[in-house]
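Asks: Here is the input, now give the coordinates:
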Amino acid sequence: MQTLALCMIVKDEEKWIGQCLESIHRVVDEMVIVDTGSTDQTVEICQSYGATVLSYSWNENFADARNYGLKYAKSDWILWLDADEEVDQKDIFKLKEALDTDEHILLIQLINYFGSYPPDPDQAFLLAHHRLFRNHMGFRFENAIHEKLNVSEVLGNIYEVTILPVQVHHYGYTDPFVENKNKLERNLRMLEKEKQKEGYSPWVDYHIASEYYRAEKYTESFDYVNESIRGFVRKKQVPPSLIYKLKYAVLLLVGSHEGAWPGIEKVIEIYPDYVDLHFYKGVILFLREEYEEAIQVFNHCLELGEEHTIHLVLKGAGSFHPYYYIGRCQEKRGNIREAIAAYRMAIKQSHHYEPAIQELQRLLSQEKVGVDHSVAVASSEMEGRVSD
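Replies: The predicted structure is shown next:
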């Protein structure tokens, strides 16, 4: 049977590290954890789970710290996690089963929560992520910050990849983490340092744009995301899909839907299976008051679903969010019964989806629909659900 090592880097993670290790320690053969200077109980907690803890002098380079740990891992495969993550318990034993393969790298399903903590399961981004790779093949991490594996260097640009039915829950974008101002300042400082290097990667500008986006500094975010796109084009590379996702998210947030049209259609031609881009297109059409065309786009979102997680997918972009906007469009067209049906479908997909609940309650309370028996039944059901 193939053996599996967990490799991590940590610093002052006593609040989260126990939850992470508890989720995975039963199915790994070794745990190699690099500590970059903890002053709390992080090291002791890791050792209590049987981990080998290595001290490492922090040099403001996440890739170097991760690669230091890889040198000490002896197992056939490496799984890498962060302290603010945990493996779904229903999936942990699938990890070892998946290692009996001829492939060299495997993807897991990363669920990135945002908003409050404990998280709302419907407030998340979904992404298939390189987290399992064969040891002793030359895989290493690169980039001082927002480090990633050198997959193309080892395997070339064309290789088979399998997305495992294994979910890892990531809480690092929830409010307790985002509100840590020092993390924002640290990340921007490190990214600006990377930007000063000759021939720096366009990913650096994207990550700076992301940091400003999370800080709600949308003008700065927009400038950097455009610089990232230009950087990829200069290198004769197609800008990755999530960069365009960020661009159009910013445009919609600042109310510049006209600035997003019709450019988004050209991007969809590049990434036709990316449901988020189609969803943004539908919202743009809604704001342009082109309701029939918007409904067609939102129905296409429902057809695409949320399965193409090689892209960064907003949970609900292929389910409850389009149903909600279909309801909005039907209302604008005067089709109240169709709007009610769409809002009810949104709530069926996400039971606590407040925008649809509020719109449905409002419609059901209107006198002109309240006299209809079928709608009265719907209202009764809705009141019971909301009161729950």
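
Asks: what's near enough to touch the nearest residue to Leu302 once chain neighbours are set aside?
Replies: Excluding the flanking residues, the one nearest Leu302 by CB to CB, 6 or more residues apart in numbering is Pro322, at 5.4 Å. Yep, even glycine has a C-beta here, placed from its N, CA and C like the rest. Residues near Pro322 by CB atoms under 8 Å, 6 or more residues apart in numbering: 279, 282, 298-299, 301-302.

Asks: make it 6 Å
Replies: Contact analysis of Pro322 by CB atoms under 6 Å, 6 or more residues apart in numbering lists 298, 301-302.

Asks: With Ser57 instead?
Replies: Going by CB under 6 Å, 6+ apart, the list of residues near Ser57 is empty.

Asks: Doesn't it belong to a helix?
Replies: No: assessed with DSSP: H, G, I helix; E, B strand; the rest coil, Ser57 is coil; it does not lie in a helix.

Asks: Now do it against Ala144, distance only.
Replies: As judged by CB to CB, to the nearest Å, Ser57 and Ala144 stand 15 Å apart.

Asks: Can you tell me how far the closest residue to Leu155 other than its chain neighbours is from Ser365?
Replies: Residue nearest to Leu155 in three dimensions, not counting chain neighbours: His104, with 6.3 Å by CB to CB, 6+ apart. In this view, His104 and Ser365 are 59 Å apart by CB to CB.

Asks: before we move on, the earlier item: if I look at the residue nearest to Leu155, what pLDDT would I see?
Replies: Looking at His104, its pLDDT stands at 95.

Asks: Against His136, how distant is it?
Replies: 11 Å.

Asks: returning to that earlier point: distance to Leu155, neighbour count and pLDDT added to the contacts of Pro322, as CSV?
Replies: Shown next, in CSV, are those (distance: CB to CB, whole Å; neighbours: other CB atoms under 10 Å; pLDDT from 0 to 100):
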residue, distance to Leu155, neighbour count, pLDDT
Phe298, 38, 27, 98
Cys301, 33, 26, 98
Leu302, 35, 19, 98
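
Asks: thinking again about what came up before, count the residues that sit near the residue nearest to Leu155.
Replies: 17 (other CB atoms under 10 Å).

Asks: That one and Val154, how far apart?
Replies: 7 Å.

Asks: beta partners of the residue nearest to the spatial centre of the chain?
Replies: What sits nearest the mean C-alpha location of the chain, by CA atoms, centre = their mean, is Phe125, with 3.2 Å. Under DSSP bridges, the beta-bridge partners of Phe125 are Asn112, Leu314.

Asks: Distance from the longest helix along the chain to the middle of the chain?
Replies: Determined from DSSP state H, the single longest helix within the chain is helix 218-234. A distance of 20 Å separates the centroid of the chain from that of helix 218-234, by CA atoms, centre = their mean, to the nearest Å.

Asks: ok, and for that helix, which residues are buried?
Replies: 218, 220-225, 227-229, 231-232 (16 or more other CB atoms under 10 Å).

Asks: Closest to His352 out of those?
Replies: Distance to His352 across the buried residues of helix 218-234 (CB to CB) is lowest for Tyr218, with 27.4 Å.

Asks: Quick one: residues contacting that closest one.
Replies: Shown in contact with Tyr218 (CB under 6 Å, 6+ apart): 250, 253-254.

Asks: can you do 10 Å?
Replies: Contacts for Tyr218 (CB atoms under 10 Å, 6 or more residues apart in numbering) come out as 209, 212, 249-251, 253-254, 256.

Asks: Please list only the buried members of the residues you listed.
Replies: The buried subset of the contacts of Tyr218 - by 16+ other CB under 10 Å - is 209, 212, 249-251.

Asks: Would you mind putting those into TSV with pLDDT and distance to Trp203 alongside?
Replies: TSV is the format used below for these (pLDDT from 0 to 100; distance: CB to CB, whole Å):
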residue	pLDDT	distance to Trp203
Ala209	98	10
Tyr212	96	15
Ala249	98	18
Val250	98	17
Leu251	97	21
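
Asks: coming back round to it: go ahead and confirm the residue nearest to Leu155 touches Gly156.
Replies: No: under the criterion of CB atoms under 10 Å, His104 is not in contact with Gly156, lying 11.0 Å apart.

Asks: that older thread, C-terminal to the longest helix of the chain, what's the next element?
Replies: Note on helix 218-234: by DSSP states H and E, the next helix or strand toward the C-terminus is helix 241-253.
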